[in-house]
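Chemist: build me a structure from this.
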Amino acid sequence: MPCESSKIQQVLLNIFRNGAQAMQEFGEKEPQFIIRTWFQPKKNQVCMEIRDNGPGMDETIRKRVFEPFYTTKPVGVGTGLGLSVSYFIIKENHDGDIRVESSPGNGTAFIICLPVGI
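Modeler: Here you go, the predicted structure:
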């Protein structure tokens, strides 16, 4: 299955936008993203981790972050569709995996793995 670059760009934009907004609202004085990539030969996948130093999420939010229309933003600021669309793009359109790791006060990491075509 070929990778659709415009859809992957949309996923990355959603993650970066949400992270930037969270770090701004949190008042992070030195906001940063750390991006890490690697290849998993046993699963024939390429993976990317996008980690921020924002406020993080508690378990309740983390479990719902990919649900359509779920948002922690004020009314009129977000639709709650960005991460659910991202989940669909990675899982359904690219047969990949996306997950989130986070805890309050420790930032958030999104990990995306995509299969490599032969």
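Chemist: give me the contact list for stretch 53-73.
Modeler: For stretch 53-73, the external contacting residues (CB atoms under 8 Å, 6 or more residues apart in numbering) are 19, 21-23, 25-26, 28, 30-32, 77-81, 83-84, 86-87, 98, 100, 102-108. C-beta here means a position set from N, CA and C on the backbone, and glycine is covered the same way.
Chemist: mean confidence score for that stretch?
Modeler: Averaged across stretch 53-73, pLDDT comes to 88.
Chemist: report the buried residues of it.
Modeler: 53-57, 62, 65-66, 71 (16 or more other CB atoms under 10 Å).
Chemist: could you do stretch 111-118 as well?
Modeler: 112-115.
Chemist: can you name the two of these that are farthest apart?
Modeler: 112 and 115 (11.6 Å; CB to CB).
Chemist: any common contacting residues for those two?
Modeler: Common neighbours of residue 112 and residue 115 (CB under 8 Å, 6+ apart) are residue 96.
Chemist: three-state assignment of residue 88?
Modeler: Residue 88 falls in the helix class when you classify it by DSSP: H, G, I helix; E, B strand; the rest coil.
Chemist: that one and residue 19, how far apart?
Modeler: Applying CB to CB, to the nearest Å, the value for residue 88 to residue 19 is 20 Å.
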